[in-house]
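Peer 1: what's the 3D shape of this:
(6 chains)
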There are 4 protein chains.
Amino acid sequence: MSPTTRRDTILAVSARLFAEKGFGNTTTSEIAREAAVAEGTLYHHFANKDDIFLTLFNETMDGFLAGATAAAVTGSGRERLSAYIRFHFDYFAKNQGRILILQRDFPPHLANPGGVGKPAFILDKLSRITELLSLILDAGKKDGTLAFRYASRDAAELLRGMLIGCTRQKVLGTITTPIPKLATMVESFCMDALAAGQAGASSDRHGGER
Amino acid sequence: MSPTTRRDTILAVSARLFAEKGFGNTTTSEIAREAAVAEGTLYHHFANKDDIFLTLFNETMDGFLAGATAAAVTGSGRERLSAYIRFHFDYFAKNQGRILILQRDFPPHLANPGGVGKPAFILDKLSRITELLSLILDAGKKDGTLAFRYASRDAAELLRGMLIGCTRQKVLGTITTPIPKLATMVESFCMDALAAGQAGASSDRHGGER
Amino acid sequence: MSPTTRRDTILAVSARLFAEKGFGNTTTSEIAREAAVAEGTLYHHFANKDDIFLTLFNETMDGFLAGATAAAVTGSGRERLSAYIRFHFDYFAKNQGRILILQRDFPPHLANPGGVGKPAFILDKLSRITELLSLILDAGKKDGTLAFRYASRDAAELLRGMLIGCTRQKVLGTITTPIPKLATMVESFCMDALAAGQAGASSDRHGGER
Amino acid sequence: MSPTTRRDTILAVSARLFAEKGFGNTTTSEIAREAAVAEGTLYHHFANKDDIFLTLFNETMDGFLAGATAAAVTGSGRERLSAYIRFHFDYFAKNQGRILILQRDFPPHLANPGGVGKPAFILDKLSRITELLSLILDAGKKDGTLAFRYASRDAAELLRGMLIGCTRQKVLGTITTPIPKLATMVESFCMDALAAGQAGASSDRHGGER
DNA sequence: GATGAATGAGTGTTCATTCAT
DNA sequence: TATGAATGAACACTCATTCAT
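Peer 2: Okay, the predicted model is just below:
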């Protein structure tokens, strides 16, 4: 489990350095030095520097998706959403180093290569998060434990944006509330917003806008 | 007001390029070329490349703070929060280029110089946003139009994180909902979450957690 | 005329180093050091290392073409061919350094980029040599001072191949005959081969082959 | 005889790759991969990458020398020269891959190690070609079937330069004439140039030059 | 103020060669 | 013999910054 192979060492060191100084400010020679391997060795295990980052991204996202899916598999829609949110902050707390990379500075040239839009692998991971949240919201709507206007897909995107955004602010150090409390706050915030019997009233108040 | 001075041209061009390609992938020679000035001229108007970014950051944030403060100055707490949220998305829509810079890739070496934490000027701007939101929340609590548990400062940070996070996802292109609809959704989501009479119920349901 | 601008210095130094050690074995830092400029300066004057070579190639070829055209402009076809051959060796003697590059190791990746055939600029220069020789041969055939079978274009290619090949062997140091004598030998060799009244006889002797 | 041993496979693969992409652009890992051996295995059969090239060079040259000697062993001097030229193009046609290496990009650091001149093994092979051609020319002069001024050794070098140069241009793709026709053309060109009774006339015409 | 040629330390990446297994 | 992971010196090229004009 601890990083014993060189490949794992390189990944672990890279995650830490990317987190500490950003992708663009981390040099390959630095990674090599801290991983105690020759610089050339990096290129035996990864095609290039980007590949190291992408591997980290995929592993982190896969871990999140697997965990979130498992966490939100049972109970009412409301319970599943609660579980999802708690897992979100749990995973974040346990993988701060890795999350940082993704949250702080996803390298622009990887996010939008050629300026034509996101590469498929990113969209794929994100859309799988959206799908999971969609399913949860649908389940809640069906069993009457969650209420919201708009399509569940739109609501799922919004939820995802808010959760990730919140986590990011925490990563960036611009939120002072400690993680456990932050998690609880966000959880109840969302629960309140999606409380059954709430949507109608809100709709009345704002129904005429736009 | 329109960018006629060299300094303004440089700023406008930089904002566009930073937005299009990221700070790190924009070269000073590119800025100079597109601004139709010599590369050395940049250094007569700005101390260095970082300074251009920082100037952009400060101007954008000052504009936001001034506008948000003005927008949220009258009415009930609930109305003021609504106005704040609408302004948030308005400003974003009108300043997509500039916002992008700040949202997407705030240069890590500027965000955490030396790794010891955020420099004062960033914290200053952000804390003024938090203060504004705090005031709004306090007003709403006092006049009974907003309800929430926790300190208003914590709630303000959370709100700020969610709003900015949502905007960021939109900027990054990972939210498909168009801005006006997104704004309405977020607004009613927050209104619902902070609806008077709601917090207590939510508290009951989740009060035992953590 | 002597290399006074930095650009000229870089070209002169590059020509010498490419000649001495080959294109691939000459480093940009070496060129910079010997030209007494910073390495980055190379990239102000040339797009990249290839560009230095290509500039040298084009200048050398243009000089050759201009000189050869001028040399072979008057007299009978026979006289013009003689003049062309003499100029060929003259130019070679005077530009040994530069010629060496082209003769010895035209960088394979420039000669056949992508493996799909020669880039246009090379073919262009070479075909202009062939054209010039074609014109000379045609003139000689018309005025009866040169005789040869086959199309003049084919004969021109053959002549070009032989002349350049000979020069190359000299450059490579595998021909010991000094240049002036070599030039005279080649000249009379070609003159004999193309002597009027000769072609028919040769044709008889070898007409049946292949 | 067919490449069944690892050593032969390595040589065959190397010849093809060197021909396709040049010596300097062929990596040892590529050779190993295409030869289906481990990279380290290369170093059990050859001292280093240079050694592979040199082995190829020697084998190819030995094959040429043996064949050329055999081809040019009988008949008049004229017939022997004809046979030599035909063999030259024959061997070239049959060994294009291997010839390409030697013709196109003899690695400069092998051709002129240290810049002090050609290493002995190259001079040795080339001088044996010159010797063979010298013998042929001498025989032709003696039996009256070939005529030329200058020492036969000088003439031999010139002939060798022209023939190799022509072949090289063909290899480089800058001669369009197909090989068989090219061979016939070169053969009659040389035969005409060295036709008995020709030299004197040519000498008269050009005797005064230089 | 304005210029733009010059700088040079620093980058990601390559690849012939070695050596423990 | 055979392997292939590991090496590390070397490379072409970048770009924020300077400064003489």
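
Peer 1: okay, CA-based contacts and neighbour counts for the rest of this
Peer 2: OK.

Peer 1: number of residues surrounding the closest residue to A:T41 other than its chain neighbours?
Peer 2: Once flanking residues are discounted, A:T41 sits nearest to A:A32: 7.9 Å by Cα to Cα, 6 or more residues apart in numbering or on different chains. Applying the criterion other Cα atoms under 10 Å in any protein chain shown, we find 19 residues in the vicinity of A:A32.

Peer 1: quick check, A:A32 in contact with A:E39.
Peer 2: Yes: the criterion here is Cα atoms under 8 Å, and A:A32 meets it with A:E39 at 5.1 Å.

Peer 1: contacts only, for the residue nearest to A:T41.
Peer 2: When contacts are counted by Cα atoms under 8 Å, 6 or more residues apart in numbering or on different chains, A:A32 touches A:10, A:38-39, A:41-42.

Peer 1: number of nearby residues for A:H44?
Peer 2: Quick note: A:H44 (other Cα under 10 Å) scores 10 neighbours.

Peer 1: in terms of pLDDT, where does it sit?
Peer 2: pLDDT, A:H44: 96.

Peer 1: packing partners of the helix or strand harbouring it?
Peer 2: Using DSSP states H and E, A:H44 falls within helix A:39-45. Packing contacts for helix A:39-45, counted by 3 or more Cα pairs under 8 Å, 6 or more residues apart in numbering or on different chains; DSSP states H and E, involve helix A:28-35.

Peer 1: what's the closest non-adjacent residue to the residue nearest the centre of chain A?
Peer 2: Geometric centre of chain A, nearest residue: A:I164, 5.6 Å, by Cα atoms, centre = their mean. Closest residue to A:I164 apart from its sequence neighbours, by Cα to Cα, 6+ apart: B:G165 at 6.6 Å.

Peer 1: now do the host helix or strand of the one you found: which elements does it pack against?
Peer 2: Here B:G165 sits within helix B:152-171, counting by DSSP H and E. With contacts taken as 3+ Cα pairs under 8 Å, 6+ apart, helix B:152-171 sits against helix A:152-171, helix A:179-193, helix B:77-94, helix B:96-104, helix B:120-143.

Peer 1: distance check, the residue nearest to the centre of chain A against B:I164.
Peer 2: Note on A:I164: its distance to B:I164, by Cα to Cα, to the nearest Å, is 10 Å.

Peer 1: try A:T177
Peer 2: For A:T177, the distance to B:I164 - Cα to Cα - is 17 Å.

Peer 1: name all residues that make contact with A:G161.
Peer 2: B:162, B:165-169, B:175.

Peer 1: coming back round to it: okay, the residue nearest to A:T41: pLDDT?
Peer 2: So, for A:A32, pLDDT stands at 97.

Peer 1: same deal with the one 4 residues further on?
Peer 2: At A:A36, the model reports a pLDDT of 96.

Peer 1: could you give the number of residues near it?
Peer 2: Around A:A36 there are 14 residues (other Cα under 10 Å).

Peer 1: could you check how far it is from DNA strand F?
Peer 2: 7 Å (Cα to the nearest atom of the strand, to the nearest Å).

Peer 1: phi first, then psi, for that residue.
Peer 2: Torsion angles at A:A36 (phi, psi; degrees, to the nearest 10) stand at phi 60, psi 40.

Peer 1: which element is A:G75 on?
Peer 2: Applying DSSP H and E, one finds A:G75 in no helix or strand.

Peer 1: sorry, back to before: most neighbours among the contacts of A:A32, please name it.
Peer 2: A:I10 (24 neighbours).

Peer 1: now the helix or strand containing it: how far from the chain's centre is it?
Peer 2: Per DSSP H and E: A:I10 is located in helix A:6-21. Counting by Cα atoms, centre = their mean, to the nearest Å, helix A:6-21 is centred 19 Å from the centre of its parent chain.

Peer 1: and it, does that touch chain B?
Peer 2: Yes: using Cα under 8 Å from any Cα of the partner chain, we find that helix A:6-21 touches chain B at A:20-21.

Peer 1: specify the angle between that helix and helix A:152-171 in degrees.
Peer 2: 80 degrees (axes from the mean of the first three to the mean of the last three Cα atoms, to 10 degrees).

Peer 1: if we can go back for a sec, just send the contacts of A:A32 back as JSON lines, with distance to C:L126 too.
Peer 2: Formatted as JSON lines, those follow (distance: Cα to Cα, whole Å):
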{"residue": "A:I10", "distance to C:L126": "52"}
{"residue": "A:A38", "distance to C:L126": "47"}
{"residue": "A:E39", "distance to C:L126": "44"}
{"residue": "A:T41", "distance to C:L126": "45"}
{"residue": "A:L42", "distance to C:L126": "45"}
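
Peer 1: and which of those is nearest DNA strand E?
Peer 2: A:E39 (5.8 Å; Cα to the nearest atom of the strand).

Peer 1: re earlier: closest to DNA strand F out of the helices and strands packed on helix B:152-171?
Peer 2: Going by Cα to the nearest atom of the strand, the one of the helices and strands packed on helix B:152-171 nearest DNA strand F is helix B:96-104, 15.2 Å.

Peer 1: cool, thanks, talk later.
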